[in-house]
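J.: Prediction below, plus the sequence it came from.
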Amino acid sequence: MEKSITVTTLRKMKQDKQKIAMMTAYDFPTAQLLEEAGVPVLLVGDSLGMVVQGHSTTLPVTLEDMIYHTRMVSRGVRRSLIVADLPFMSYQITKEQAMESASKLMKEAGAHAVKLEGGKEQAETVRALVHAGIPVMAHLGLTPQSVHAMGGFSVQGRNLQQAKTIFEDAKALEAAGAFALVLEMVPAELAQTLTERLSIPTIGIGAGPGCDGQVLVFHDMTGYTSGYIPKHNKRFANIADTIRSAAAQYVQEVTEGQFPGEEQTPRLKPDELARWNEYLQTDKDDSPT
């Protein structure tokens, strides 16, 4: 049996310059398939608010939503590391609130680690969680829970002041004990520098190839979603076309009476059929005329 992926595994992968692949998962069958494909880290992201629930941002996602989806993912995993997002306003108010939210994701849902967004202002919270034995993945650059404060889903760190802020935030989060850092939509040069200067793995999304690993949203990567696709995404499949084609064929076969066919149809055994017909005849004979 293969060994489970842990935060220690990721640290060693960085030391060995072995790239880390992380992908989002929101349910049992997807988690099973991704683990079978060899994805070492599954992120139950609050991106589910956009790609599963149909919201325009991640802000409406609740802690209960995250617990529900993390439970499903944890049932489908045997060795992959499960990281669950702390959703908007489930950790920003107090360290105690963060502790309670993170403990629910681990105790009730089966997460192995949590992820939170923010820089220096979250360092004390990260420190408290790590002190309590909760592994924390940090998240800098474009932080979707702050989309309105940032003015939209745009690249962060384009000028010197922004880059310095992200740089200092990253060092503060590393010092606080974060085991990894997601860098979302930051210039490749900045991500490369952070990857070289930090001892913890960096996981990029829209941050270029210089990070220690990459993360993509399952629905974007597989072509399950339609409409706007971020520039940094690469589609490795087109599941949406496959589903549309299959559904259209199903409708056609039902409409034309081709489905279900004989292969999908249960039948009575001959002796039971004979008894059934005999019963019907008796019932017919007893019917009032």
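T.: Good, I have the coordinates. These numbers come from a predicted model, not from an experiment. Residues are numbered from 1 along each chain as shown.
J.: hey, let's count contacts and neighbours off CA atoms from now on
T.: Noted.
J.: which residues in this protein form strands?
T.: 20-24, 41-44, 81-85, 113-117, 136-141, 180-184, 202-205, 213-216 (DSSP state E).
J.: for the fourth one, packing partners?
T.: Right, the one you point to is strand 113-117. The elements that strand 113-117 packs onto, with contact taken as 3 or more C-alpha pairs under 8 Å, 6 or more residues apart in numbering; DSSP states H and E, are strand 81-85, helix 95-107, strand 136-141.
J.: Looking at these, which is nearest to Thr222?
T.: strand 81-85 (19.9 Å; C-alpha to C-alpha).
J.: packing partners for that closest one?
T.: Using 3+ C-alpha pairs under 8 Å, 6+ apart: strand 81-85 touches strand 41-44, helix 63-75, strand 113-117.
J.: rewinding a little: could you point out which of the strands of the chain sits nearest Gly257?
T.: Going by C-alpha to C-alpha, the one of these nearest Gly257 is strand 20-24, 39.6 Å.
J.: starting at the chain centroid, how far to the closest one?
T.: 9 Å (C-alpha atoms, centre = their mean, to the nearest Å).
J.: Check stretch 104-119 too.
T.: The answer for stretch 104-119 is 12 Å, by C-alpha atoms, centre = their mean.
J.: cool, stretch 229-240 as well?
T.: Using C-alpha atoms, centre = their mean, the offset of stretch 229-240 from its chain centre is 15 Å.
J.: Next, the buried residues of it.
T.: 235, 238-239 (16 or more other C-alpha atoms under 10 Å).
J.: Over to stretch 25-37?
T.: Buried, per 16+ other C-alpha under 10 Å, within stretch 25-37: 25-28, 30-32, 34-35.
J.: next one: stretch 64-73
T.: For stretch 64-73, using 16+ other C-alpha under 10 Å, the buried residues are 66-73.
J.: Out of the buried residues of stretch 25-37, which is nearest to Val217?
T.: For the buried residues of stretch 25-37, the nearest to Val217 is Ala25 (7.9 Å; C-alpha to C-alpha).
J.: circling back to that earlier point, if we take the buried residues of stretch 25-37, which one ends up nearest to Phe179?
T.: Ala25 (20.3 Å).
J.: what's that closest one in contact with, if anything?
T.: 31, 42-45, 73, 217-218 (C-alpha atoms under 8 Å, 6 or more residues apart in numbering).
J.: Can you check those and name whichever has the most neighbours?
T.: When neighbours are counted by other C-alpha atoms under 10 Å, Val44 leads these with 30 neighbours.
J.: From what I see, that residue and Leu81 are in contact.
T.: No. Val44 is beyond contact range of Leu81, at 10.6 Å (criterion: C-alpha atoms under 8 Å).
J.: Could you list the low-pLDDT ranges of the stretch 1-150 of the chain?
T.: Within the stretch 1-150 of the chain, the segments meeting pLDDT under 70 span 1.
J.: again, only this time at 50
T.: The stretch 1-150 of the chain contains no residues with pLDDT under 50.
J.: Any chance of CSV for the buried residues of stretch 64-73, columns distance to Glu124?
T.: What follows is those, written out as CSV (distance: C-alpha to C-alpha, whole Å):
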residue, distance to Glu124
Met66, 23
Ile67, 24
Tyr68, 28
His69, 28
Thr70, 25
Arg71, 28
Met72, 31
Val73, 29
